[in-house]
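Peer 1: for reference, the sequence and a predicted model appear below.
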Amino acid sequence: MAFYPDERIALFIDGANLYSTAKTLDFDIDYGKLLELFRGKGRLICANYYTALIENDDYSPIRPLIDWLEYNGWHAATKPAKSMIDRDGRRRVKGDMDAEIIVDMLGLAPHIDHLILFSGDGDFRVAVEALQRQGVRVTVVSTMKSKPAMLADELRRQADAFIEIADMDKLFGRPKRDYEDED
């Protein structure tokens with residue numbers, strides 16, 4: 001993957017997709033290290049993290065992360081997740097941010113040279129193609145090392161480059177926390 005010192009870079013993270021990928025790989029992400037890594041690759045224009053939040057819950061486990069990101073140089077885009085009951089009577093939460101991500105990516109295209117997309121969702125393939133038509137190089141960060149792969153083949157083929165997140169633990173991984181008492 002090639003980066004150029006003067007290129008304008010944007011990071012876009014599909015929070016739900018990255019969370020699933022990291023959980024599947026048993027990989028913890030240090031978002032501070034991640035931001036510094038890409039600041040060193042060129043001129044970082046923006047770092048965006050997208051996720052849906054469950055409203056009306058006394059505690060949202062994602063809220064501390066969102067607060068930390070916003071305080072530490074990231075733009076966190078959120079919207080309320082929708083809660084519904086499926087036909088089997090189970091509560092399901094839906095909070096797809098694909099449309100928001102795509103609109104923001106395409107709106108930013110004239111101002112960047114290289115977009116780094118942290119998602120393996122094949123729904124982004126057509127947006128990646130549209131960015132490329134505008135002269136933006138697109139690198140996708142996901143995994144093919146999980147079973148099944150978290151990266152849609154059509155997205156991998158459309159991207160200019162692919163970064164295997166499982167190989168990035170030394171660059172922006174965070175040591176696992178041991179939650180048991182050490183006696």
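Peer 2: Looks like it arrived, so ask away. Numbers count the residues shown, from 1 in each chain.

Peer 1: what packs against the helix or strand of the chain with the lowest mean pLDDT?
Peer 2: Lowest on mean pLDDT, DSSP states H and E among the helices and strands of the chain sits strand 91-94, with a mean of 72. With contacts taken as 3 or more C-beta pairs under 8 Å, 6 or more residues apart in numbering; DSSP states H and E, strand 91-94 sits against strand 82-85. Placement of C-beta: from N, CA and C, glycine included.

Peer 1: got a list of contacts for the least confident helix or strand of the chain?
Peer 2: Contacts to strand 91-94, defined as C-beta atoms under 8 Å, 6 or more residues apart in numbering, come from residues 52, 54, 81-86.

Peer 1: in CSV: these, plus neighbour count and pLDDT.
Peer 2: Supplementary listing: those in CSV, determined by neighbours: other C-beta atoms under 10 Å; pLDDT from 0 to 100:
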residue, neighbour count, pLDDT
Ala52, 20, 88
Ile54, 16, 77
Ala81, 21, 83
Lys82, 13, 79
Ser83, 14, 76
Met84, 10, 76
Ile85, 9, 81
Asp86, 8, 79
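
Peer 1: out of those, which is nearest to Thr143?
Peer 2: Relative to Thr143, the closest of the contacts of strand 91-94 is Ala52; by C-beta to C-beta it sits at 22.0 Å.
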